Every structure is written in C-alpha cells, then in structure tokens.
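Visitor: Quick one: sequence and predicted model below, then my questions.
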Amino acid sequence: MSGQEDPGSWVGRLFGWCLLALLAAMALYGAVSIVRSIWLFLCIDLAVAAVIAAVWRLLSSRYRGW
C-alpha cells in the first residue's frame, strides 16, 4: 500500500489546498483594500504624468529641427 492511497494523505492535501485558497483570498482582499484607499491619488498622478508626457512630446517634436 503506497502513501497515495492512504485517506489521511488526501485529507491533509485537501486541507492544505483549502488553507492556501483562504490565504490567497485574504491577500487579495488586502491588496484590493489598499488600492481602493489610494485610487484617487493614483488617478491624479497618472493624469499629471500623461499631461507632462504630452507637453514634452509636443515641445520636443516642435523644436527638434532647431
């Protein structure tokens, strides 16, 4: 009789997978909570960076031939 056929090993493996799924769900919940708390600041920073990049590209293309 090998270790794979032992019912205890299946129960232990199932418990391990359930515990892993619980920890993954908790980590995902925490990550979403952090992102929700700083979402406004992320959007503002992204908008400012996009405006700066657009102005930089416009100015660099306009004065490239100088």
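Guide: Nice, I can see it.
Visitor: Poorly predicted segments of the protein, please.
Guide: For the chain, the stretches with pLDDT under 70 are 1-5, 7, 65-66.
Visitor: any idea how far Ser60 lies from Ala49?
Guide: Going from Ser60 to Ala49 by Cβ to Cβ, to the nearest Å gives 16 Å. (C-beta placed from N, C-alpha, C; glycine too.)
Visitor: How about Arg62?
Guide: For Arg62, the distance to Ala49 - Cβ to Cβ - is 20 Å.
Visitor: Same question for Ile38.
Guide: 15 Å.
Visitor: One more: Leu20?
Guide: 37 Å.
Visitor: What of Leu59?
Guide: 16 Å.
Visitor: Please apply the same query to Leu58.
Guide: 15 Å.
Visitor: for Ser9, same thing?
Guide: Distance from Ser9 to Ala49, by Cβ to Cβ: 53 Å.
Visitor: Arg36 too?
Guide: In terms of Cβ to Cβ, Arg36 sits 21 Å off from Ala49.
Visitor: quick one, phi/psi of Tyr63?
Guide: The phi/psi pair for Tyr63 (degrees, to the nearest 10) reads phi -100, psi 20.
Visitor: Tell me who's in contact with the residue positioned nearest the centre of the chain.
Guide: The C-alpha lying nearest the average C-alpha coordinate of the chain belongs to Ala31 (Cα atoms, centre = their mean; 7.2 Å). Counting by Cβ atoms under 8 Å, 6 or more residues apart in numbering, Ala31 makes contact with nothing.
Visitor: Backbone dihedrals for it, please?
Guide: Backbone geometry at Ala31, expressed as degrees, to the nearest 10, gives phi -70, psi -40.
Visitor: Name the secondary structure element that contains Ile52.
Guide: helix 7-62 (DSSP states H and E).
Visitor: what distance separates that helix from the centre of its chain?
Guide: Here helix 7-62 is found 3 Å from its chain centre; the criterion is Cα atoms, centre = their mean, to the nearest Å.
Visitor: Then stretch 56-66?
Guide: That offset, for stretch 56-66, works out to 36 Å (Cα atoms, centre = their mean).
Visitor: then that stretch to PDB, C-alphas only?
Guide: Provided in PDB are the C-alpha atoms of stretch 56-66 (Å, rounded to 0.1, in the frame of the first residue of the first chain):
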ATOM      1  CA  TRP A  56       7.200  67.000 -23.500                       C
ATOM      2  CA  ARG A  57       6.500  65.200 -26.800                       C
ATOM      3  CA  LEU A  58       4.900  68.300 -28.300                       C
ATOM      4  CA  LEU A  59       7.800  70.600 -27.400                       C
ATOM      5  CA  SER A  60      10.500  68.000 -28.400                       C
ATOM      6  CA  SER A  61       8.800  67.500 -31.800                       C
ATOM      7  CA  ARG A  62       8.400  71.200 -32.400                       C
ATOM      8  CA  TYR A  63      12.000  72.100 -31.600                       C
ATOM      9  CA  ARG A  64      13.700  69.000 -32.900                       C
ATOM     10  CA  GLY A  65      14.800  70.700 -36.200                       C
ATOM     11  CA  TRP A  66      16.500  73.600 -34.400                       C
END
